[in-house]
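In: Sequence and predicted structure below; questions after.
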Amino acid sequence: MSTSSSERSKRRSGHPHRSCNSHRLVVLEGSSRTSYLKRTEEQLDIAFPTHYVDRADVLAVLDEDDQLCGGVMLVGSGPFRSIAGIPDQHRGAHQSLNERGDVAEINGLWLAPKMKSPFLSILFWRLLIGHLVKSKKNSFLFTFDNSNTRMKSLAFWLKPTKLYSGATLTLPGMKYSSEETIALINIEPVKVFLTLLERKAAKSSGRRNGNVVGPANHSSQSAASSF
């Protein structure tokens, strides 16, 4: 990772679509997780404990130069940090989620600034949601800071069940607590959202190739541009 971000940006500035098409989502193994965890701590101010990371699929977004530009963890079995972060007086009703085999937890999600461009943002969510669909899980826990407007937009499209919203407990690896929303999403809205993103991506691809493409569904345009 010796190439600076500014140098890479300059080199790619004339080929934005090539850059978009060459990004990919990979599962990191062994020592290759170290870079992701270091960047995650820098981005989120959370040093996830080793015993938690060891239970996770660590998914990284790499560009055409194998540079890390985003990632996320998918934890396939409890106990889940999302549930542990709920204050005691509100947690009891949700403890059973830790025992359900059809539930997974999404955590440690971050994107480099360049991934928040429209084309790359669509690509990231297509890759991630495609992986969720393939996981064979029916429901997914996720937590987001209440000040994060992008995640609030995502939550709108995925139609989650809100489990808790407010001050959370300070868990191992966290420097401080925050005001967060903890939610559960079902796989069916996830599949619908993936279809919307695929439609938006097809329209964008047609425009780049000079093809005539019919008008996109308004909801797909709004969904894709929210991130």
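Out: The structure has been received and is ready for your questions. Residues are numbered from 1 along each chain as shown.
In: in stretch 96-111, what's buried?
Out: 97-98, 103-111 (16 or more other C-beta atoms under 10 Å). Any C-beta I mention is one placed from the backbone N, CA and C, and that applies to glycine too.
In: correction: stretch 122-137
Out: Applying 16+ other C-beta under 10 Å to stretch 122-137 flags 122-130, 132, 137 as buried.
In: hang on, the earlier thing: return the item of the buried residues of stretch 96-111 having minimum pLDDT.
Out: Lowest pLDDT within the buried residues of stretch 96-111 is found at residue 111 (86).
In: Average pLDDT for the longest helix seen in the chain, rounded please.
Out: When the chain is parsed with DSSP state H, its longest helix is helix 187-208. Helix 187-208 comes out with an average pLDDT of 76.
In: And for stretch 30-49?
Out: Stretch 30-49 comes out at a mean pLDDT of 91.
In: what comes up buried for it?
Out: Neighbour count says stretch 30-49 has 33, 36-37, 39-40, 44, 46, 48 buried, by 16+ other C-beta under 10 Å.
In: Quick one: list the elements packing against the longest helix of the chain.
Out: helix 118-134, strand 139-145, helix 149-158, helix 218-225 (3 or more C-beta pairs under 8 Å, 6 or more residues apart in numbering; DSSP states H and E).
In: For the chain, which helix or strand comes out least confident on mean pLDDT?
Out: When the helices and strands of the chain are scored by mean pLDDT, DSSP states H and E, helix 5-12 comes last with a mean of 38.
In: returning to what we had before: got JSON lines for the buried residues of stretch 30-49, with secondary structure and distance to residue 175 too?
Out: Shown next, in JSON lines, are the buried residues of stretch 30-49 (DSSP: H, G, I helix; E, B strand; the rest coil; distance: C-beta to C-beta, whole Å):
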{"residue": "33", "secondary structure": "helix", "distance to residue 175": "21"}
{"residue": "36", "secondary structure": "helix", "distance to residue 175": "19"}
{"residue": "37", "secondary structure": "helix", "distance to residue 175": "15"}
{"residue": "39", "secondary structure": "helix", "distance to residue 175": "16"}
{"residue": "40", "secondary structure": "helix", "distance to residue 175": "13"}
{"residue": "44", "secondary structure": "helix", "distance to residue 175": "10"}
{"residue": "46", "secondary structure": "strand", "distance to residue 175": "8"}
{"residue": "48", "secondary structure": "coil", "distance to residue 175": "12"}
